[in-house]
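**Q** Here is the input, now give the coordinates:
(3 chains)
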Amino acid sequence: MNLNERQLEAVRYIGGPCLVIAGAGSGKTRVITSKIEYLLDTCGYPGYSVAAVTFTNKAAREMKERVFRSVSPEAAEGLIVTTFHSLGLRIIRSECSRIGLRSNFMLFDEHDKEILVRSVLGELQPSAGADDFSKEDVERILGFISSCKMDMVEPEDSQSRAEDGDGILCSKVYSRYASMMRSYGALDLDDLIYLPVIFFRSHPDELARWQRRLRYILVDEYQDTNSCQYELLKLLAGERQAFTVVGDDDQSIYSWRGARPENIDLLIRDFPDTRVIKLEQNYRSTGRILKCANALISANSHTFGKKLFSAADFGPKVNVFVTKDDERQADLLSSEILGSTYMHHSRWKDYAVLYRSSHLSRIIEKAFVRNRIPYRISGSVSFFDRSEVKDFLSYFRLILNHDDDNAFLRVVNTPRRDIGAATTEKLGIFARKHGMSMFDAAQSALFQKEVGANTFRALGEFCEFISGRTDQAEDDARGMAESLADDLGYGAYLSSSSKNEDIASIRMRNVEQLVSWLTEKLDGNPREHLEPQSFEASVHSLCTRDMLEHSSLGEDDEELDQVQLMTLHASKGLEFPYVYIIGMEEGVLPHQSAIDEGDVTEERRLCYVGITRAMRELNLMEVKTRRGAGRSMRRQGENDGDGKNRRGSPDDSKMTESRFIGELPSEDLDIHNETRPKTEDEKAAEAKNVSMLLKEFLQSGG
DNA sequence: AACATAACAGTTTTT
DNA sequence: CTGTTATGTT
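**A** Take a look at the predicted model:
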């Protein structure tokens, strides 16, 4: 199966912990899939005794596909190939009674969490109004809570992290947040890892059961593990220490999410017997691209020095395109890709446009539409993040469980029922005081005097509506789900709230898709061996597993011939013949926040990831001016002499070239600067290109 | 007290 | 483009 010596060693070594330092393009996914195959076919491990863990759903899906292509379904029976979070969910699902969690627990998304934190804040500081806390405040607190969980810090111990008054508040909110979550029977994403660790630490017998089941564990993208995930790995691996982790410290780009690249060093300290195997032969890129990548990354410090080499051609120079602004950049990008497809007879999907932040794709998109270039943006809004989907999930949740205050808050006034913020505020206070749910509070006679008659009537009608659906769901969940949109007048609500009727119908389709998803669970699907499930179980799996695993929709049309637009983060693990990295400017590629923090090493790795995606050709693009970028570093009077620039001159900031371009060997760069008059040589080269294009075009019989 | 309308600003990366 | 904020209206 064509593995090189190092790769083979990594596959065959199962005697103890194994750390594979795998440079970009060195075939690490192949090592993992081959190793699974080896364990199953050659070593006779039963499928259910092996788990391969990745970080993204995409990677998990890809790996599953590859493994099932080469291993028989019987041998792979029970094999686990999922994300860390899904594995955690699986553990929690099977242990929930022992964890002390209701079996119908729900996953809270960002929005749910925000609502909860706001309510906790209101409780902790009754004097302050709900609006005293901005979105940033809430996000900062949520960030604190999240990083605590990722570092295995329990609420009681989180005060030590709090240096100032703000931290003390965070810690207090964390405590209350945790107990509220518990009483709701709700989990956040961090809990999916955190809870199993806590559970296993205090239940050695249950841990032993899992250890007996999982005889071998493989972890991809190990450099992205956070402390909590590493802890889970250590616990599951136990005495046997039978695991392989594959990672690349130079591709650690998720430290903002708690990832600890130091876990690579920690592993060697914790498991001194670890066999370390380095994969340095790159099978992806040209020699020149690797030379640039190596040059760039050498500016960072390393514990495991490694130098990628390639047997491929040295390849063409790296192009650097300098344009006046991003609109011009988008046009140039379009024409470059158009020209290149003619020149190389390549397909759209051979091209990738990568960028630091997602909003940079907008201008490119517009240009691609103008120029009829088919494209696909990955990492756009996920299905479960759409407001109409969340509305319906909340309806289902509330119909299932009247005590679900978050669901209540989300839908009590959607569609409009004349129940606003003031009323829900009062409801919250009243419910807390009497220790009841908001749903019950809304119907309580005592609450009647708190609000006006109209409002109370609206609340009553709402609760009655929900109760009616609950009754209906008892014997006809399918019918209830299918008529819910009509009964709510949701279509009319969508038409009035979306500007465009087309958008309204797209949203309605999303709702219909969600409903049909639910009904398929209710009815079961013999073709896919799905047993019919209760309403409760169906909603539960929609709000946990499906939410987690169907994160980004539209990734199924992967095989369409389209130019790929994505963030640098999303590009990790992928490869493309032709890569364009746009926005190569200070403040954009080393992102401003990183510059402010005084540490751009992760940004450099991000750039490294982008560069190493390229197989044949790499193009970098930078602009001279950008609107509203960076902090108001506006300098008047520095506009070019030709009078007024049409596009708001005073607010355009001058951009400087990304330092990362300067870190590349200049002899490997081919600079195309539109903002400078062209030299005769450049003109000649361009003319040559045009004539080549023409020739190609004529030859292709056009 | 809730809503409609307009005006506005600002967008790091994601399970 | 979308979610948030300020204003006037019912």
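**Q** In chain A, which strand is the longest?
**A** Longest strand in chain A, counting residues (DSSP state E): strand A:614-623.
**Q** residues of that one that come out buried?
**A** Buried residues in strand A:614-623, counted by 16 or more other C-beta atoms under 10 Å: A:614, A:615, A:616, A:617, A:618, A:619, A:620, A:621, A:622, A:623. C-beta here means a position set from N, CA and C on the backbone, and glycine is covered the same way.
**Q** now, among those, which is nearest to DNA strand C?
**A** residue A:623 (19.5 Å; C-beta to the nearest atom of the strand).
**Q** which ones are touching that closest one?
**A** By C-beta atoms under 8 Å, 6 or more residues apart in numbering, the contact set of residue A:623 is A:322, A:323, A:324, A:325, A:326, A:328, A:329, A:583, A:585, A:655.
**Q** And residue A:404, by the same measure?
**A** A:106, A:184, A:394, A:397, A:398, A:437.
**Q** Which of these sits closest to residue A:274?
**A** In terms of C-beta to C-beta, no member of the contacts of residue A:404 lies closer to residue A:274 than residue A:106, at 39.2 Å.
**Q** follow-up on the earlier one: and the buried residues of strand A:614-623, which two are furthest apart?
**A** A:615 and A:623 (25.9 Å).
**Q** The helix ranked longest in chain A: how far from the chain's middle?
**A** Counting residues, the longest helix in chain A under DSSP state H turns out to be helix A:453-488. How far helix A:453-488 lies from its chain's middle: 35 Å, per C-alpha atoms, centre = their mean, to the nearest Å.
**Q** So for the following helix or strand past it, what gets flagged as buried?
**A** Counting by DSSP states H and E, the next helix or strand C-terminal to helix A:453-488 is helix A:490-497. Neighbour counts over helix A:490-497 (16+ other C-beta under 10 Å) mark A:490, A:491, A:493, A:494 as buried.
**Q** Widest-spaced pair of the residues you listed?
**A** A:491 and A:493, at 7.1 Å, using C-beta to C-beta across the buried residues of helix A:490-497.
**Q** Of the contacts of residue A:404, which belong to helices?
**A** Counting by DSSP H, the part of those found in helices is A:184, A:394, A:397, A:398.
**Q** Where neighbours are concerned, which of those residues has the most?
**A** Highest neighbour count within these: residue A:398, with 26 neighbours (other C-beta atoms under 10 Å).
**Q** So which residues on the stretch 451-600 of chain A come close to DNA strand C?
**A** Contacts of the stretch 451-600 of chain A with DNA strand C, taken as C-beta under 7 Å from any atom of the strand, map to residue A:503.
**Q** An error on my part: the question was meant for the stretch 251-400 of chain A.
**A** Residues of the stretch 251-400 of chain A that fall close to DNA strand C, judged by C-beta under 7 Å from any atom of the strand: residue A:387.
**Q** coming back round to it: just name the closest of the contacts of residue A:623 to residue A:247, please.
**A** residue A:583 (27.4 Å).
**Q** contacting residues for that closest one?
**A** Residue A:583 touches A:326, A:355, A:356, A:357, A:360, A:589, A:621, A:622, A:623, counting by C-beta under 8 Å, 6+ apart.
**Q** How about residue A:375?
**A** Residues in contact with residue A:375 (C-beta under 8 Å, 6+ apart) are A:348, A:353, A:364, A:365, A:368, A:562, A:563, A:564, A:565.
**Q** Who does it form a beta bridge with?
**A** residue A:563 (DSSP bridges).
**Q** With adjacent residues omitted, what lies nearest to residue A:386?
**A** residue A:510 (5.7 Å; C-beta to C-beta, 6 or more residues apart in numbering).
**Q** can you count the residues close to the one you found?
**A** When neighbours are counted by other C-beta under 10 Å, residue A:510 registers 18.
**Q** picking up where we left off before, now the contacts of residue A:623 in a markdown table, with secondary structure?
**A** Output for the contacts of residue A:623, formatted as a markdown table (DSSP: H, G, I helix; E, B strand; the rest coil):
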| residue | secondary structure |
| --- | --- |
| A:322 | strand |
| A:323 | strand |
| A:324 | coil |
| A:325 | coil |
| A:326 | helix |
| A:328 | helix |
| A:329 | helix |
| A:583 | coil |
| A:585 | strand |
| A:655 | coil |
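**Q** And those residues, which of them are buried?
**A** Among the contacts of residue A:623, those classed as buried by 16+ other C-beta under 10 Å are A:322, A:323, A:324, A:325, A:326, A:328, A:329, A:583, A:585, A:655.
**Q** The fifth one touches residue A:361, doesn't it?
**A** The one in question is residue A:326. No. Between residue A:326 and residue A:361 there is no contact under C-beta atoms under 8 Å: 10.9 Å.
**Q** which of the contacts of residue A:404 lies closest to residue A:252?
**A** Residue A:252 lies nearest to residue A:106 out of the contacts of residue A:404, by C-beta to C-beta, at 32.0 Å.
**Q** Quick one: low-confidence residue ranges for the stretch 101-250 of chain A.
**A** Along the stretch 101-250 of chain A, the parts satisfying pLDDT under 70 run over A:126-132, A:162-165.
**Q** can you list the residues of it near DNA strand B?
**A** So the stretch 101-250 of chain A meets DNA strand B at A:110, A:189 (C-beta under 7 Å from any atom of the strand).
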